Structure formats: C-alpha cells, structure tokens
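K.L.:
Just the structure for this:
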Amino acid sequence: MKPQAMWHIEDALRTVLPTLLALLLVLVAVVPYGLPRLDAVMPWLGLMPIYYWSIHEPRAMPLWAAFGIGLWQDLMTGGPIGLFALVFLLVRHLVVSQRLVFYKKPFFVGWWGFGLVSALAALSGWVIAALYDWALLPALPFVMQGALSILLYPIVAWIMGGLWLLVGEG
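P.N.:
Residues are numbered from 1 along each chain as shown. Just a heads-up that it's a prediction; the model follows:
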C-alpha cells in the first residue's frame, strides 16, 4: 500500500499533466528556430493534446483548460486574442460530444478523427482570422498547419499515451 502523500502527488500529477503538456507543446511551437516563415506553417501542437485528452480522459481536459491553452497560444503567437481560445473550446466540445466514436477504437480511427478536427480547426481559424482582419487571408498557411498537424499527431499521441501510462490509473 502506498503512503497517503504519494496518492495526493499522483492525483495532482494526473490532474495537471494534460494541461501542462499542452502548454509546453504551444511553447515548443512558438520558439524561434531561425527559419524564415516557419511560424506560418508550424503545426498546431496545442490542438493535439486537446483532441487526445478529450477522447481518452475528458476530465483531464476541462473546458477552462482548453480555453486557457488557446489563450496561451494567442498570447505566444501574437495573433488575435481569443482566436485559438475559441477554436480550442469548439474542438474540445465537438470531440467530447463525439467521444464514443473514437474511444477504444484502433489508432487509425482516432487519427482519421484528428484529421477531420484539424481540417475543421484550420477552416474555423481561417474564417475567424479573416473576420478579425476584415480581409480575405491566404488559406495556404492554414492548410499547411493543418496538414503538418495531421502528420505529426501519431508522434505526439504516442508521447502523451506513454506519459499517461506512467502516471495514469491504468
């Protein structure tokens, strides 16, 4: 039997891990790597944990966390405040409402779902940004970000799943 203090530490870690991972991934996405225009095609690393945890452990990715992660991304990218906060809230709500379609299914079903969600997020982001700027923005950066996000999702999902096995309930 584990000491009572260990249970509290493990519970706290399980509670904050998804949000901390998402915040860290947003930070990784905005670090200046010295490549020109990389920010225009950098995958939405913050979207991946919101999708993943909304399926596998929705209590670990509450609405306030999705909003906060989106706000963090807005602040870090210098984009319109509220753009990603709104997109991430919509993604979290959509995924949780359709959670049983993807939960405990083969990985490719979840990856396909992430592709759909990523495409919808790219479209939503493009429309909201265009409305914010009151201009027709080029769609290619949004398409590239969505496509790169889809390609990188298996790696990020594998990392999140492995970390959850370390701290999760099983």
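K.L.:
can we go C-alpha only for contacts and neighbour counts from here?
P.N.:
OK.
K.L.:
where's the residue nearest to Leu100 when sequence neighbours are not counted relative to His93, distance?
P.N.:
Nearest non-adjacent residue to Leu100, counting by CA to CA, 6 or more residues apart in numbering: Ile55, 7.8 Å away. Per CA to CA, to the nearest Å, Ile55 is found 11 Å from His93.
K.L.:
Repeat that for Trp134.
P.N.:
Distance, Trp134 to His93, using CA to CA: 27 Å.
K.L.:
Between those two, which is the more surrounded one?
P.N.:
Between Trp134 and His93, His93 has the larger neighbour count (other CA atoms under 10 Å), namely 17 against 10.
K.L.:
What is the helix or strand where the more buried one lies packed up against?
P.N.:
Applying DSSP states H and E as the criterion places His93 in helix 83-97. Under the contact criterion of 3 or more CA pairs under 8 Å, 6 or more residues apart in numbering; DSSP states H and E, helix 83-97 touches helix 47-56, helix 63-77, helix 107-133.
K.L.:
Mind checking these for the one nearest to Val87?
P.N.:
helix 107-133 (6.3 Å; CA to CA).
K.L.:
Trp164 is nearest to which of the helices and strands packed on helix 83-97?
P.N.:
Comparing the helices and strands packed on helix 83-97 against Trp164 with CA to CA, the closest turns out to be helix 47-56 (10.0 Å).
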